[in-house]
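# Pasting the sequence and the predicted coordinates here, then a few questions.
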Amino acid sequence: MFLFQLWREYKLSIAEILNVFPDGNIVFFDQKNLILDHIDEKTILERSPYLGGSIKISEVSKYRNYDEIYDYIAERASEKWWKFQYGLSVFGVRSDLKKQLTTIKKYLKEKSISSRFVNQDFSNVSSATIIGEKLVQKWSDFTLISSRDWWDIWLGKTIWVQDIEGYSKRDYGKSRDMQIGMLPPKLSQMMINIAWGEHIYDPFCGLGSLLIEAQNMWKQSIYGSDFNPEMVQLTAKNTGSHNIFLFDARDMAENNIFEKQTIDSIVTEGFLGEIMTKKNISHERISIQKKNLSKLYTKFFSWLQSIWFDGVMVISFPFWELEKKYVYFNEIYDILEKYCKIQDIFPKNSELRASKLWSLLYKRDTQLVGREIFKLKIKN
Ligand SMILES: C[S@@+](CC[C@H](N)C(=O)[O-])C[C@H]1O[C@@H](n2cnc3c(N)ncnc32)[C@H](O)[C@@H]1O
């Protein structure tokens, strides 16, 4: 069994994991962790480098009491002839990290094993520390999970940790302009993984953030378009791709990309509408945006229906925060009802439900606009 430590938008993380490992069976989840069985380590290690929403993955087993856990760690420690360096993270109600770390240290000392835990200030180990101390290679990063609902305790040994350096490298070199209004790389990866295609088209490509991630995930082909020539130029430059075109999504009749190319998925952030600030956001302005966006998406989806597009679409639509309440883009639901079939993103588990229509929500506290993400197919 394998434990996935989840990103802060845990429902999105779970949706991604279940799409990437469709045979996986949920044993347990909460807001921080997901345990799956029916998956094997080889598949996990092959696919994990491209997961956006998992912080680390561990192989887990169940133990009846803490002594069994200490024995297991002591066994691992005695395999080393150098000082045993390890990390421990705990989740759940019955575990106190400080107590565990001091007990393990004492336990190992009694067995004449010298050890050093890498935890700082008695808090869970960060990805940076796991990478810096090479704990995955040393097989010595552990995670303990307990719950009020079970007697057993789970102990996991980390087999993979997210490449945080890779993310910062990809951000490095992007100009300041690029950072503004950019789709976060992790969210791009999750949307691409939820679509699970190989030939990806972004019809609102903007600066190309999503397509850059698709390239990093070694997708077989990428295509992009935008109605702003500057964006087309920038995406072409940022991706080095020749498949970036100038197209208005309201008038795609001239767009014969689907005749010429095999496209199995449309993955896009979509147009979020005019950028609003705390000073100028109002119900009136939101209504105008909704009207314009409704026209845009009606034309876009009816065109996809007219060409019998058969692939998967993962698209985000905006919702807004005004007076501490969310204002949803309800009009889009009618449009989707007319042209699309909403695809299940995860099993219909009520705890995973984020919205009425089982879409996923993503919003940062500081932003006025959020994204509601749907997985769709065209009704043909
Ligand atoms: C939210 S941005 C996408 C940003 C992109 N995901 C990124 O991270 O760079 C939306 C893009 O949609 C484009 N757009 C808006 N209306 C459009 C239309 N009718 N047809 C094509 N592109 C459009 C805008 O020019 C903008 O670049």
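Cool, the structure landed.
# Would you mind listing what in the stretch 1-150 of the chain touches the ligand?
Taking CB under 6 Å from any ligand atom, no part of the stretch 1-150 of the chain reaches the ligand. C-beta here means a position set from N, CA and C on the backbone, and glycine is covered the same way.
# Strands of the stretch 1-150 of the chain, residue ranges please.
2-6, 25-29, 33-37, 54-63, 84-91, 115-117, 141-145 (DSSP state E, counting those that start in this stretch).
# Report the buried residues of the top helix by length along the chain.
In the chain, assigned by DSSP state H, the helix with the most residues is helix 283-306. Of the residues in helix 283-306, 286, 289-290, 293, 296-301, 303-304 count as buried by neighbour count, 16 or more other CB atoms under 10 Å.
# Nearest residue to the residue nearest the centre of the chain in space, please, no chain neighbours.
What sits nearest the mean C-alpha location of the chain, by CA atoms, centre = their mean, is G53, with 3.2 Å. Of all residues not flanking G53 in the chain, S13 sits nearest, at 3.2 Å (CB to CB, 6 or more residues apart in numbering).
# which stretch of helix or strand covers the closest residue to N292 other than its chain neighbours?
What sits nearest to N292 in space, not counting adjacent residues and going by CB to CB, 6+ apart, is G273, at 6.8 Å. Counting by DSSP states H and E, there is no helix or strand that carries G273.
# so G273 touches P318, yeah?
Yes: G273 is within contact range of P318, at 5.8 Å (criterion: CB atoms under 8 Å).
# Based on its surroundings, how many neighbours for S127?
Using other CB atoms under 10 Å, S127 is surrounded by 17 other residues.
# Thought I55 was touching it, still the case?
Yes: at 6.1 Å, S127 and I55 qualify as touching, with contact defined as CB under 8 Å.
# Redo the strands of the stretch 1-150 of the chain as TSV? Include distance to I281 and mean neighbour count.
Shown next, in TSV, are the strands of the stretch 1-150 of the chain (distance: least, CB to CB, whole Å; neighbours: other CB atoms under 10 Å):
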stretch	distance to I281	mean neighbour count
strand 2-6	31	25
strand 25-29	35	17
strand 33-37	36	20
strand 54-63	33	20
strand 84-91	38	21
strand 115-117	48	17
strand 141-145	41	24
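# before we move on, back to that, give the intersection of the neighbour lists for G273 and P318.
In terms of CB atoms under 8 Å, 6 or more residues apart in numbering, G273 and P318 are both contacted by the residues 289, 293, 369.
# got those residues as TSV, with distance to the ligand columns?
Output for the shared contacts of G273 and P318, formatted as TSV (distance: CB to the nearest ligand atom, whole Å):
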residue	distance to the ligand
Q289	12
L293	9
V369	9
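# if we can go back for a sec, G273 and P318: who's more crowded?
Using other CB under 10 Å, the more surrounded residue of G273 and P318 is P318, with 24 against 19.
# Isn't that one up against F329?
Yes: between P318 and F329 there is a contact under CB under 8 Å: 6.0 Å.
# could you pull out the helices for the stretch 151-300 of the chain?
Ranges of helices in the stretch 151-300 of the chain, per DSSP state H, counting those that start in this stretch, are 164-171, 176-179, 185-195, 209-216, 229-239, 257-260, 283-306.
# if we can go back for a sec, what residues do S127 and I55 have in common as contacts?
161-162.
# Mind listing what's buried along stretch 9-29?
So, applying 16+ other CB under 10 Å, buried residues of stretch 9-29: 9-21, 24, 26-29.
# can you give me how far it is from the chain middle?
10 Å (CA atoms, centre = their mean, to the nearest Å).
# got it, and stretch 209-222?
On CA atoms, centre = their mean, the centre of stretch 209-222 falls 15 Å from the chain's centre.
# Model confidence for whichever residue of the stretch 51-200 of the chain sits closest to the ligand, exactly?
Going by CB to the nearest ligand atom, the ligand is nearest to L183 of the stretch 51-200 of the chain, at 3.5 Å. L183 is assigned a pLDDT of 82 by the prediction.
# Can you verify my assumption that it contacts L211?
No: contact between L183 and L211 fails when scored by CB under 8 Å: they sit 10.2 Å apart.
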